[in-house]
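J.: Give the three-dimensional model of this entry:
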Amino acid sequence: MESGMISVDKWSYGSQAYFLTHLHADHTAGLSSTWNRGPLFCSRLTAKLFPCKFPSFNLFLLRVLDIGSWFSLSLTSPSSASPTTIYVKAIDAQHCPGSVMYLFRGDFGCMLFTGDFRWEVTGSGVENRRAMLLDALKNETLDTLHLDNTYCNPKYSFPSREVAARQVVDIILSHPKHDIVIAIDSLGKEDLLLHISRELDIKIWVWPERLQIMHLLGFHEHFTTQTSLARVRAVPRYSFSIETLEALNRIRPTIGIMPSGLPWATEQNGNPFSSSEYIFVVPYSDHSCFSEIQEFIELLRPIKIKGIVSSSSCCIDPCYYFDHLCGTQQAIWRIQAKTENDEGVDTSVEAAVIKSSAAEETKEEEEEKGSSTVVGRKRRRILDQVDFFGIRVSRVSLLRRLCRGGVRLADTE
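T.: Predicted coordinates for the structure are as follows:
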């Protein structure tokens, strides 16, 4: 896609349309109550929560996208000045209330921006989410995947949020005479707090601004701002520390619970609270762990993949581990597999032979430099010629997609 058309979670001048994945601060940096650079697309729930984050924002700039529905957007090509149409679908990202992924289609091909997301492979709604995503792609090649690579490292492994929530309840039940302090952000972890409230039949204390969010989400009956009514308190993450817990314990017995995936690295001293007897770290994360990222990429088989996180010390370029799952050959494999599953096609008919010029160049460069082995990374070499069979897609559409992805056709014998 040409620059100057759309921006996702970026808010500087120069785009014709802007897309917000969710309302966490690292994705709204540059947004303000006075921002007015163009139409801003977001989910319906994000639009509902928007005034809490930006009280004086001009709400006429907001454009609501319903999850699971295609929306067409008429823009102008910056290079040719000709009109062009972009199609976009919002897909639930399972990260926090209102969070979505964006799937874009147009003359540029097909792109998916995950924003922050959790791709759990077990639990309720998993099959529906997989079906929605594959149905949105249909027989289109995914040219570029912009991926949440926060925990793109094999050392990050944690259970489903359902399992982690039960662990939190068990900790609370094992400390019946203690006050409980749980660290949360200004948005997110609502499902965890609701699980605690319902399992223990209690109200949970939150600060006033957080109670306003709970009211907008329809959860207000489970929460209160009256300290005397609650043994369990949800506090801002920035106020949660070893020093705070030690001070509270000088008043009355108190334990703290930090729900997070980050401290569960297997490296030495991975848990920053390991020295405290008052703090329990539970692997409850709203980001995908490494195995979930791998499952997501194996499902989609994009031609290219780009990580959206570069500043965190824990993240790694996803190409380091998953480059072998990308490329034209892998994208065609996904289309073929989906078609066979949906229609039971006969794979005995040869469709075409493709030859990747990009793979040839990579192979020549590797031969010049000499072969080398990198620990933890296995790059799969693409053969000069690869047969793929039984693909029920338009030949014109398929060839156009392959050519766009930098692949030239070879004569079939």
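J.: which one is Leu248 nearest to, not counting chain neighbours?
T.: Spatial nearest neighbour of Leu248, excluding adjacent residues (C-beta to C-beta, 6 or more residues apart in numbering): Thr254 at 4.1 Å. Where you see a C-beta, it was placed from the backbone N, CA and C, and this is true even at glycine.
J.: Isn't the one you found up against His178?
T.: Yes: with contact defined as C-beta atoms under 8 Å, Thr254 counts as touching His178 (5.9 Å).
J.: if we can go back for a sec, next one: phi and psi at the residue nearest to Leu248?
T.: In terms of degrees, to the nearest 10, the main-chain angles of Thr254 are phi -140, psi 140.
J.: Pull out the buried positions in stretch 156-169.
T.: By 16 or more other C-beta atoms under 10 Å, the buried positions in stretch 156-169 come out as 156-161, 164-165, 168.
J.: what's around Ser186, how many residues?
T.: 17 (other C-beta atoms under 10 Å).
J.: Correct me if wrong: it contacts Met214.
T.: No: if you go by C-beta under 8 Å, Ser186 and Met214 don't touch, sitting 11.4 Å apart.
J.: Work out the gap between the longest strand along the chain and the centre of the chain.
T.: The single longest strand within the chain, with elements called by DSSP state E, is strand 83-92. Chain-centre distance of strand 83-92: 18 Å, with C-alpha atoms, centre = their mean, to the nearest Å.
J.: which helices and strands does it pack with?
T.: strand 62-65, strand 70-76, strand 100-106, helix 126-137 (3 or more C-beta pairs under 8 Å, 6 or more residues apart in numbering; DSSP states H and E).
J.: For Phe113, find the nearest of these.
T.: Smallest distance to Phe113 across the helices and strands packed on strand 83-92 (C-beta to C-beta): 4.7 Å, for strand 100-106.
J.: circling back: number of nearby residues for the residue nearest to Leu248?
T.: The burial count for Thr254: 20, using other C-beta under 10 Å.
J.: before we move on, what about Met132?
T.: 16.
J.: now this protein, which segments are flagged as low pLDDT?
T.: Within the chain, the ranges that satisfy pLDDT under 70 run 263-275, 311-315, 328-413.
J.: Just give the nearest non-adjacent residue to the residue nearest the centre of the chain, would you?
T.: Geometric centre of the chain, nearest residue: Phe117, 2.4 Å, by C-alpha atoms, centre = their mean. Among residues not flanking Phe117 along the chain, Ala93 sits closest, at 4.0 Å (C-beta to C-beta, 6+ apart).
J.: Next, the buried residues of stretch 35-43.
T.: So stretch 35-43, judged by 16+ other C-beta under 10 Å, has buried residues 35, 37-38, 40-43.
J.: what's in contact with stretch 157-176?
T.: 118, 120, 122-123, 180, 182, 191-192, 195-196, 199-200, 232, 253, 255, 257, 259, 261, 264, 280, 282-286, 289-291 (C-beta atoms under 8 Å, 6 or more residues apart in numbering).
J.: among those, which ones are buried?
T.: Using 16+ other C-beta under 10 Å as the burial test, these include 118, 120, 180, 182, 191-192, 195-196, 232, 255, 257, 259, 261, 264, 280, 282-286, 289-290 as buried.
J.: can you tell me which of the contacts of stretch 157-176 are in strands?
T.: Going by DSSP E, the strands hold 180, 182, 232, 255, 257, 259, 280, 282 from the contacts of stretch 157-176.
J.: how close does Ser82 sit to Gly4?
T.: 14 Å (C-beta to C-beta, to the nearest Å).
J.: and these two? which has more neighbours close in?
T.: Higher neighbour count among Ser82 and Gly4: Gly4, with 15 against 7, using other C-beta under 10 Å.
J.: I'd say the more buried one and Ser15 touch.
T.: Yes: Gly4 sits in contact with Ser15 when judged by C-beta under 8 Å, with a separation of 6.3 Å.
J.: still on that earlier bit, and the residue nearest to Phe117, how many neighbours?
T.: Ala93, neighbours per other C-beta under 10 Å, totals 26.
J.: could you pull out the helices for the stretch 201-350 of the chain?
T.: Counting by DSSP state H, counting those that start in this stretch, one finds helices in the stretch 201-350 of the chain at the ranges 208-217, 242-249, 290-300, 319-322, 328-343.
J.: Grab the nearest non-local neighbour of Phe158.
T.: Closest residue to Phe158 apart from its sequence neighbours, by C-beta to C-beta, 6+ apart: Pro283 at 3.5 Å.
J.: same check, this time on Val126
T.: That would be Glu120: by C-beta to C-beta, 6+ apart, it lies 6.3 Å from Val126.
J.: roughly how far apart are the one you found and Met5?
T.: Glu120 is 33 Å from Met5, by C-beta to C-beta.
J.: follow-up on the earlier one: could I get the CA-only coordinates of the longest strand of the chain as CSV?
T.: Output of strand 83-92 as CSV, limited to C-alpha atoms (Å, rounded to 0.1, in the frame of the first residue of the first chain):
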residue,chain,number,x,y,z
PRO,A,83,-9.5,7.2,-7.0
THR,A,84,-9.1,3.8,-5.4
THR,A,85,-11.2,1.7,-3.0
ILE,A,86,-9.9,0.0,0.1
TYR,A,87,-11.9,-2.7,1.9
VAL,A,88,-11.4,-3.2,5.6
LYS,A,89,-12.8,-5.7,8.2
ALA,A,90,-12.5,-5.4,12.0
ILE,A,91,-11.8,-8.7,13.8
ASP,A,92,-11.9,-9.2,17.6
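J.: circling back to that earlier point, surely the residue nearest to Phe158 and Gly261 touch.
T.: Yes: using C-beta under 8 Å, Pro283 is in contact with Gly261, at 5.7 Å.
J.: Identify the residues contacting the longest strand of the chain?
T.: 1, 5-6, 19, 41, 43, 65-77, 99-107, 129, 132-133, 136.
J.: Return the set of buried residues in it.
T.: Neighbour count says strand 83-92 has 84, 86, 88-92 buried, by 16+ other C-beta under 10 Å.
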